[in-house]
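S.K.: here's my sequence, what's the structure:
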Amino acid sequence: MRYINFNGNIYPGHEALLPVTNRAYRYGDGFFESMVMFNQKMPLLEYHWNRLTFTAAMISAVLPENFNKASLQNMILALAGANEEVRNARIRLQFYRKGDGLYLPDSDELGFSISMEAIDKNRFEPGHGLKAGMRNDCFKGPSMVSEIKNSGALMYVLAAKYARTEGWDECILTNHSGQVCEGISSNIFIVEEDKLITPGLGSGCVNGVMRNYLIWLMGDKVTERNIEAKELEEAEEIIMTNAVKGIQWVKELNGKAYSNKKAIQLTELLNSKLMGLAQ
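M.R.: Next comes the predicted model:
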């Protein structure tokens, strides 16, 4: 994109705005949100807003003055206008704690940036299926920050590089107990008859926006519990979810092929419920 929003003002995307003393750069002292915009609408804005306010409170940080859900929406739309009226985009909100200090910050006020990247889709699509694998030496364990999208994402970088080396589209991570946790940038669900099963937050997984929406949407058809690695091979379907891509289905894991019936049904349901598109 040609332009970004930095602390409420629009600047050229190439302009250097962060000093080397920035706390997100030095300590990973910040967090981010990834959102999707279809036809200049953010279908899960309420869920993103709830998560970012929860995250700010969790890390004892303070959102900028006059930063609220309405102003956020207005800034995103203004940025879309500045970027040649882009209508469909992946949006990244990056928050960092301002001020100086070493590990102990001298201020809890947050700064932010908003950037966007145009995409060629105007609805959720299940895709063509992912080839997935598991990395057993890269654990995502539960902690006080495991459910938030904090700025320290090195583990996911290494998992993504490993997946590319292995020829996979997705790398499934486990926790220290060997139980399924999540994907590189997605939560994971398995299909058992007409039920969905997903790891609980105690597994160490991110408290994903699309995960939360599906749990609300499907009600008692979703169970949160520990998933053992061997259950993936026994599942009828494996589904990966995130707020940008919606529902993605795993086509192959460890040489086994999977179906996508539930993934297609859920994608149609998302488009119908969130954007009013006919199934």
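
S.K.: domain parsing for the protein?
M.R.: For the chain, automatic domain parsing gives the domain ranges 3-118, 130-274.

S.K.: mean pLDDT and distance to residue 124 for those domains - can I get that in CSV?
M.R.: Where you see a C-beta, it was placed from the backbone N, CA and C, and this is true even at glycine. Compiled in CSV, the domains of the chain are given as follows (pLDDT from 0 to 100; distance: least, C-beta to C-beta, whole Å):
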stretch, mean pLDDT, distance to residue 124
domain 3-118, 96, 8
domain 130-274, 95, 3
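
S.K.: got those as a markdown table, with mean neighbour count columns?
M.R.: As requested, these are exported to a markdown table (neighbours: other C-beta atoms under 10 Å):
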| stretch | mean neighbour count |
| --- | --- |
| domain 3-118 | 16 |
| domain 130-274 | 18 |
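
S.K.: ok, the residue nearest to residue 243 when sequence neighbours are not counted to residue 162 distance?
M.R.: Nearest-residue entry for residue 243: residue 209, 4.2 Å, with adjacent residues in sequence omitted and distances by C-beta to C-beta, 6 or more residues apart in numbering. Shown here: residue 209 relative to residue 162, a distance of 26 Å by C-beta to C-beta, to the nearest Å.

S.K.: please apply the same query to residue 219.
M.R.: As defined by C-beta to C-beta, residue 219 lies at a distance of 36 Å from residue 162.

S.K.: same question, residue 196
M.R.: Here the distance between residue 196 and residue 162 works out to 27 Å (C-beta to C-beta).

S.K.: equivalent analysis for residue 101, please.
M.R.: When distances are taken as C-beta to C-beta, residue 101 and residue 162 turn out to be 35 Å apart.

S.K.: just confirm residue 80 contacts residue 88, I think it does.
M.R.: No - using C-beta atoms under 8 Å as the test, residue 80 is too far from residue 88 to be in contact (9.5 Å).

S.K.: overlap of the contact sets of those two?
M.R.: Where contact means C-beta atoms under 8 Å, 6 or more residues apart in numbering, the residues bridging residue 80 and residue 88 through contact with each are residue 37.

S.K.: what about residue 47, which SS state?
M.R.: helix (DSSP: H, G, I helix; E, B strand; the rest coil).

S.K.: quick one: distance of whichever strand or helix holds residue 232 to the chain centre.
M.R.: Here residue 232 is covered by helix 229-234, with elements defined by DSSP states H and E. Here helix 229-234 shows a centroid-to-chain-centroid distance of 24 Å under the convention C-alpha atoms, centre = their mean, to the nearest Å.
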